[in-house]
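Asks: Have a look at this prediction, sequence included:
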Amino acid sequence: MKRLLFLFAITSTLLCSCGTGQRHISISEESISESTKSDTPPSSSEESESSFSSEMISISQDTSTSSSPKEDPYMVSIPFAGAAAISGAALTAYNTTDIKDSSGNWVNSAHDNGLIISPYYSVRSQKGVASVFATRTTYGAHSFTLFNADRTEYPLTLDISSKNGKTLRSAKIIGTEEINPTVSDGKISFSILKPGNYTILVNGKIDEALTIFAYEHESFVCPQGYSLVEKKPGDHGTIRFNQEKTAMVFKKGVHRIDRIELCSNTMIYFEDGAQIEAKNANGSSETPLLNPDWAGMTRYQALLYAKNAHNIKIHGHAFIDLTKLDWHMRLGAYFEGCSHLDFDGFILNNSPEWTMHLMHCDNSSVSNCAIFGYRQNSDGFAVVDSNDVTISDCFARSGDDLFEVKTMDSNLSNVVQNIRFERCVGWPDKCRGFGIIHETARDIKNVTFSNIKVVNAPADWMDALGALVVIVAGNSTISGIRFENVSINSCSFYPINLTLAEESNSGTINDITFSHIAIPNNNAIRLNNAAAKGKLGNIHFDNIIRNEKKVTNQNELILSKNGILGTLDVK
């Protein structure tokens with residue numbers, strides 16, 4: 001298969017915003033290269049793989065000097081063209097045999113259909129019927145729909161009905177704000193007052209869940225001085241940003257891509273309804289990073305990737321699907337040595353390895369993003385060896401740890417610090433929800449998990465699990481960690497787990513605070529010091545609620561203790 005680098009000598013005149021008016025920018029499209037690996041030419045309805053669209057796009061910040069771009073209308077829902085409708089035996093397979101083998105063991109293989117039309121629910125707002133989708137999780141298809149509206153158009157009034165004949169008797173909503181729905185005549189009704197994510201559990205069960213992603217409408221504005229490139233749906237191969245100050249807009253529709261590599265001062269914007277479909281790398285000319293990796297699999301570069309870059313923005317409500325990739329073939333997003341990253345609004349689905357991995361990244365933020373998946377090692381939002389990072393208003397349900405901080409580079413000596421997780425919702429099907437998790441090669445301090453919701457934490461296959469955790473396996477000091485305003489809806493094992501692992505030897509867990517934590521049952525809180533020279537103490541419990549009753553002493557905390565422990569206080 002050929003590997004082509006497309007260089008364009010002719011220039012295209014595009015308009016970008018520039019202060020109080022517009023200016024014409026003459027650019028050469030050799031700023032971005034595209035490697036294709038398809039032997040099949042595109043259809044006539046698709047853009048040719050050998051060129052980028054040069055259609056004129058008018059973008060302005062000043063309506064007095066020129067016409068503004070047409071604003072997107074209120075989106076009743078964001079339609080994804082690649083969703084298939086399945087039912088009957090196909091749905092049974094989607095929910096069970098595609099996730100487990102005949103012996104009941106979890107499987108991690110690739111599949112064709114990462115997105116289907118929800119077989120369970122229909123949703124109607126005050127402006128019409130929404131498109132409702134579903135995707136694989138460990139325990140069956142998880143339905144979701146998306147709304148995109150201006151702030152002034154909230155509240156959104158929603159009605160949910162069953163599509164499969166199930167009687168809707170009750171509903172519980174877990175999300176950005178507290179909502180008490182009404183259930184009448186087989187219909188769930190409620191209003192969403194502000195943007196956020198809202199998961200509905202029906203009839204007191206955790207299966208067949210539905211999540212509403214409600215966004216605040218964001219108009220695309222090309223940054224001043226940036227070249228603007230528009231990508232129409234089609235087969236794009238590998239896209240590399242080779243020149244700074246480049247913005248790319250992915251139009252609504254299905255984009256089949258090997259991977260995207262960004263450089264400094266670049267931007268990606270996904271139109272509503274844009275789908276990114278990661279192509280399987282088997283048979284391609286791409287050189288693997290590892291062959292084999294520790295699991296005996298072949299690993300290639302991440303789908304979204306940058307190294308030693310700064311000021312990268314990725315915004316918009318795309319569905320980015322990695323379902324067709326073999327286990328461990330790529331990470332969903334990997335950014336190393338970067339700063340001032342700004343990610344907002346997209347969904348990463350079924351990554352075959354870690355889903356969003358920030359390594360040695362500083363002064364960055366991820367907001368309003370979501371992760372679905374079921375495969376092992378599909379960790380969610382992993383902040384590793386990074387400082388001054390905020391993850392906010394995000395949702396994750398996957399087959400491994402979800403919202404985590406790690407230190408993996410033992411060659412450095414600086415402390416990892418100032419990391420915040422705010423208003424996030426986690427559903428850790430197989431592993432842990434929120435915390436400092438296992439790899440701790442260097443010290444970590446000043447990490448806050450605030451206004452957090454745990455939908456369900458069923459995993460109990462090893463002791464180092466739990467909804468909220470500090471698990472230390474290195475000879476490091478973990479301190480100044482705060483979990484505050486946390487609600488755990490369901491947890492089958494430890495709601496809180498502080499563990500110094502045996503391999504830690506001389507690690508330290510110190511000054512850990514749990515404040516305003518709601519625990520739904522009497523499952524024990526684990527305090528485990530298995531390290532020979534380890535220190536675990538100075539632990540603060542403030543306003544802990546168990547079974548809707550405030551805990552007033554250590555006995556009511558219900559502790560499972562092991563090893564030498566330091567001070568612990570209950571308020």
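Replies: Done, it's in.

Asks: Could you report the neighbour count for residue 264?
Replies: Neighbouring residues of residue 264 were enumerated by other CB atoms under 10 Å; the total is 16. All C-beta atoms are positioned from the backbone trio N, CA, C, and that covers glycine.

Asks: name the element it belongs to?
Replies: Counting by DSSP states H and E, there is no helix or strand that carries residue 264.

Asks: I figured it was touching residue 244, is that so?
Replies: Yes - under the contact definition of CB atoms under 8 Å, residue 264 touches residue 244, with a separation of 5.3 Å.

Asks: Quickly list what residue 546 is bridged to.
Replies: Residues in a beta bridge with residue 546, per DSSP bridges, are residue 519, residue 549.

Asks: separation between it and residue 555?
Replies: In this structure, residue 546 lies at 11 Å from residue 555, with CB to CB, to the nearest Å as the measure.

Asks: neighbour-wise, which of the two wins?
Replies: Taking residue 546 and residue 555 together and counting by other CB under 10 Å, residue 546 has the greater number of neighbours (19 against 9).

Asks: The more buried one: what's it in contact with?
Replies: The neighbours of residue 546, taking CB atoms under 8 Å, 6 or more residues apart in numbering as the test, are 519, 521, 522, 556, 557, 558.

Asks: buried subset of these?
Replies: Among the contacts of residue 546, those classed as buried by 16 or more other CB atoms under 10 Å are 519, 557.

Asks: how many other residues sit next to the closest residue to residue 176 other than its chain neighbours?
Replies: Counting by CB to CB, 6 or more residues apart in numbering, residue 176 lies nearest to residue 196, which is 2.6 Å off, once chain neighbours are set aside. Counted with other CB under 10 Å, the burial measure for residue 196 works out to 20 neighbours.

Asks: What are the buried residues along stretch 412-425?
Replies: Of all the residues in stretch 412-425, those buried under the rule 16+ other CB under 10 Å are 415, 416, 417, 418, 419, 420, 421, 422, 423, 424, 425.

Asks: First-to-last residue distance for that stretch?
Replies: Distance between the boundary residues of stretch 412-425 (CA to CA, to the nearest Å) amounts to 32 Å.

Asks: Need the residues that contact it.
Replies: With CB under 8 Å, 6+ apart as the test, stretch 412-425 has contacts from 174-176, 196-197, 199, 381, 383, 385-396, 403, 405, 407, 434, 442-455, 480.

Asks: Beta-bridge partners for the residue nearest to residue 176, please?
Replies: Taking DSSP bridges as the rule, residue 196 bridges to residue 214.

Asks: could you list every residue that touches it?
Replies: With contacts defined as CB under 8 Å, 6+ apart, residue 196 is in contact with 175, 176, 177, 214, 393, 423.

Asks: Could you give the separation of stretch 378-395 from the chain centroid?
Replies: Using CA atoms, centre = their mean, to the nearest Å, the distance from the centre of stretch 378-395 to the centre of the chain it belongs to is 9 Å.

Asks: now do stretch 267-278
Replies: Counting by CA atoms, centre = their mean, stretch 267-278 comes out at 15 Å from the chain centroid.

Asks: nearest residue to residue 386 other than its sequence neighbours?
Replies: residue 361 (4.5 Å).

Asks: so what are the domain limits for the chain?
Replies: Per automatic domain parsing, the structural domains of the chain span 1-70, 88-99+106-216.

Asks: List the buried residues of stretch 179-187.
Replies: Buried residues in stretch 179-187, counting neighbours by 16+ other CB under 10 Å, are found at 179, 181, 183, 187.

Asks: hang on, isn't the residue nearest to residue 386 packed against residue 339?
Replies: Yes - shown here, residue 361 and residue 339 form a contact pair, counting by CB under 8 Å, at 6.5 Å.

Asks: between the two, which one's more packed in?
Replies: For residue 361 and residue 339, the more surrounded residue by other CB under 10 Å is residue 361, and the numbers stand at 24 against 19.

Asks: what pLDDT does that one get?
Replies: The predicted structure scores residue 361 at 98 on the pLDDT scale.

Asks: Now do the contacts for it.
Replies: In this structure, residue 361 makes contact with 335, 336, 337, 338, 339, 341, 383, 386, 389, judged by CB under 8 Å, 6+ apart.

Asks: Check residue 545 too.
Replies: Counted by CB under 8 Å, 6+ apart, residue 545 has contacts 516, 517, 518, 519, 551.

Asks: could you dump stretch 188-197 to CSV, C-alpha only?
Replies: Extracted C-alpha coordinates of stretch 188-197, given in CSV (Å, rounded to 0.1, in the frame of the first residue of the first chain):
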residue,chain,number,x,y,z
ILE,A,188,-40.1,9.2,33.1
SER,A,189,-40.3,13.0,33.1
PHE,A,190,-37.8,15.6,34.4
SER,A,191,-36.1,18.9,33.6
ILE,A,192,-32.4,19.6,33.2
LEU,A,193,-31.6,23.1,34.5
LYS,A,194,-28.0,23.3,33.3
PRO,A,195,-25.5,21.5,31.1
GLY,A,196,-23.9,18.3,32.4
ASN,A,197,-24.2,14.5,32.3
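
Asks: That stretch: which residues count as buried?
Replies: If you call a residue buried by 16+ other CB under 10 Å, then stretch 188-197 has these buried ones: 188, 189, 190, 192, 195, 196, 197.

Asks: And the last one, how close does it get to residue 140?
Replies: Computed with CB to CB, the distance linking residue 197 and residue 140 is 19 Å.

Asks: The first one too?
Replies: Using CB to CB, residue 188 is found at 19 Å from residue 140.

Asks: swap in residue 552?
Replies: Going from residue 552 to residue 140 by CB to CB gives 40 Å.

Asks: what about the nearest residue to residue 507 once chain neighbours are set aside, neighbour count?
Replies: Leaving aside its chain neighbours, residue 507 sits nearest to residue 472 (4.6 Å; criterion: CB to CB, 6+ apart). Applying other CB under 10 Å, we find 28 other residues in the vicinity of residue 472.

Asks: Test of understanding: give the bridge partners of residue 469.
Replies: Applying DSSP bridges to residue 469 gives these bridge partners: residue 435, residue 497.

Asks: Pretty sure it sits against residue 437.
Replies: Yes - with contact taken as CB under 8 Å, residue 469 and residue 437 are classed as touching, separated by 6.3 Å.

Asks: More neighbours: which of these two?
Replies: Set side by side, residue 469 and residue 437 show more neighbours around residue 469, with 27 against 24, by other CB under 10 Å.

Asks: list the contacts for the more buried one?
Replies: By CB under 8 Å, 6+ apart, the contact list for residue 469 reads 432, 433, 434, 435, 436, 437, 494, 496, 497, 498, 499.

Asks: And it, how far from residue 449?
Replies: Applying CB to CB, one obtains 10 Å for the distance of residue 469 from residue 449.

Asks: Could you name every residue contacting both of the two?
Replies: Overlap between the neighbourhoods of residue 469 and residue 449 consists of 434, 435, taking contacts as CB under 8 Å, 6+ apart.

Asks: buried set for the top helix by length along the chain?
Replies: Ranked by residue count under DSSP state H, the longest helix found in the chain is helix 88-95. For helix 88-95, burial by neighbour count (16+ other CB under 10 Å) applies to 91, 94, 95.
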